[in-house]
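[1] 3D model of this:
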Amino acid sequence: MKDLLLKLLASQELSFEEARQMILWIMSEEAISVQAAALLALLQAKGVTVDEMAGAALAMRERASSIGAPENAIDTCSTGGNGISTFNISTCAAIIAAAAGAVVAKHGNRSNTRKSGSAEALEALGVNITLNLNEVEGCLRELDICFCYAINHHPAMRFAGPIRKDLAVPTIFNLLGPLTNPAGAKSQLIGVPNKELTLKIAQVLQRLDSSRVLVVHGHDGLCELTVTAPTHVAELRDGRIREYDVNPEELGFKTGNLDEIRIDNPEESAKIIERIFSCQEQGTARDIALLNAAGALVVAGIADDLKEGVKLATKTVDSGKAAKKMAQLIKFSRQV
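    Numbering: from 1, shown residues only. Sure thing, here's the model as predicted:
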């Protein structure tokens, strides 16, 4: 790794293959902590390129414990990192999308930067997130939705984890989660913490041959399609990327209030999700869940556009299908 250290010390870019080899090494027992930390810090200081991120993502995919999934499986995992603690919107949207006909392999973890990650929220809802790989695969096969708990699917992170903890600064690993879905999902709705990353993440997934992707960042700071402000979108479709803004009013939503969707713990997140599914919630939380479910339905190819996706998501919640899907997920996870 000395040659890569020297390149990064000179602020030179790594090739796709060099980045891949670097991450493979860091995620192995052969890694030397001091050198690995230096590589990660220097790469971060230089600024990560599309090829470097794509090579790193491929390496992490190679080290992952994957599950079998249909080719049309999607994911709604976001990078996080914005520091705004809302209820778990992407998790709620994943359940609505699955109830509306999408196949959803929801990748997620516990949170280090907010009050509730997808893992904590699902636990608070009553879902057993500790299924083994065969059980996760069976859940997806039977219910068209599963939770891929990151800690179970990325065992090689036990080598990189302590290095990241000791560094205590952001590294390329902070962005790799949504790029390494264990079910190999090629269609995704991904939220990112700043506008500049929308295009870059779309280009990375283009490099990795993804099919249909919406990379989004709300002008309010959310890593979601938002209803409290416009959302910037980088859309990958048919091998091409286009960028545009989505305004909630154009989709029939009133401008929402960010304070209505903030939470202090996973239990509050679960309560909001339950209220959405029982149709007791009719405000900002419901609207933002419907909009993100619409995004998931678009990348799944079930809705042609966000407007159609919102209509389908609304019908799915109001009919009780989303509540039923959540109940099925809880029951399956607790019976295995």
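[2] which SS class is the most centrally placed residue in the chain?
    Nearest to the mean C-alpha position of the chain, by Cα atoms, centre = their mean, lies Cys77 at 1.3 Å. Here Cys77 is coil, with the state taken from DSSP: H, G, I helix; E, B strand; the rest coil.
[3] who touches the lowest-mean-pLDDT helix or strand in the chain?
    Here the helix or strand of the chain ranked lowest by mean pLDDT, DSSP states H and E is helix 157-167, holding a mean of 88. Helix 157-167 is contacted from outside by 26-29, 31, 33, 36-37, 40-41, 150-151, 171, 173, using Cβ atoms under 8 Å, 6 or more residues apart in numbering. Every residue, glycine included, has its C-beta placed from N, CA and C.
[4] any of those buried? List them.
    26-27, 31, 36-37, 40, 150, 171, 173 (16 or more other Cβ atoms under 10 Å).
[5] farthest-separated two in these?
    Using Cβ to Cβ, the buried ones among the contacts of helix 157-167 span at most 21.5 Å, a distance reached by Ala37 and Ala150.
[6] show me the contact partners of stretch 294-309.
    Here stretch 294-309 has contacts from 72, 74, 76, 93-94, 96-97, 100-104, 187-189, 212-214, 216, 225, 246, 251-252, 291, 293, 310, 312-313, using Cβ under 8 Å, 6+ apart.
[7] quick check: buried residues in that stretch?
    Quick answer for stretch 294-309 (16+ other Cβ under 10 Å): 294-300, 302-303, 306, 309.
[8] check stretch 320-336 too.
    By 16+ other Cβ under 10 Å, the buried positions in stretch 320-336 come out as 321-323, 325-326, 328-329, 332-333.
[9] out of the residues you listed, who's nearest Pro155?
    Of the buried residues of stretch 320-336, the one sitting nearest to Pro155 (Cβ to Cβ) turns out to be Ser333, at 20.8 Å.
[10] follow-up on the earlier one: pLDDT, distance to Glu13 and secondary structure for the buried ones among the contacts of helix 157-167 - can I get that in JSON lines?
    As requested, the buried ones among the contacts of helix 157-167 are exported to JSON lines (pLDDT from 0 to 100; distance: Cβ to Cβ, whole Å; DSSP: H, G, I helix; E, B strand; the rest coil):
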{"residue": "Ile26", "pLDDT": "96", "distance to Glu13": "18", "secondary structure": "helix"}
{"residue": "Met27", "pLDDT": "95", "distance to Glu13": "21", "secondary structure": "coil"}
{"residue": "Ala31", "pLDDT": "92", "distance to Glu13": "22", "secondary structure": "coil"}
{"residue": "Ala36", "pLDDT": "96", "distance to Glu13": "19", "secondary structure": "helix"}
{"residue": "Ala37", "pLDDT": "96", "distance to Glu13": "20", "secondary structure": "helix"}
{"residue": "Leu40", "pLDDT": "96", "distance to Glu13": "15", "secondary structure": "helix"}
{"residue": "Ala150", "pLDDT": "90", "distance to Glu13": "28", "secondary structure": "helix"}
{"residue": "Thr171", "pLDDT": "93", "distance to Glu13": "17", "secondary structure": "coil"}
{"residue": "Phe173", "pLDDT": "92", "distance to Glu13": "19", "secondary structure": "helix"}
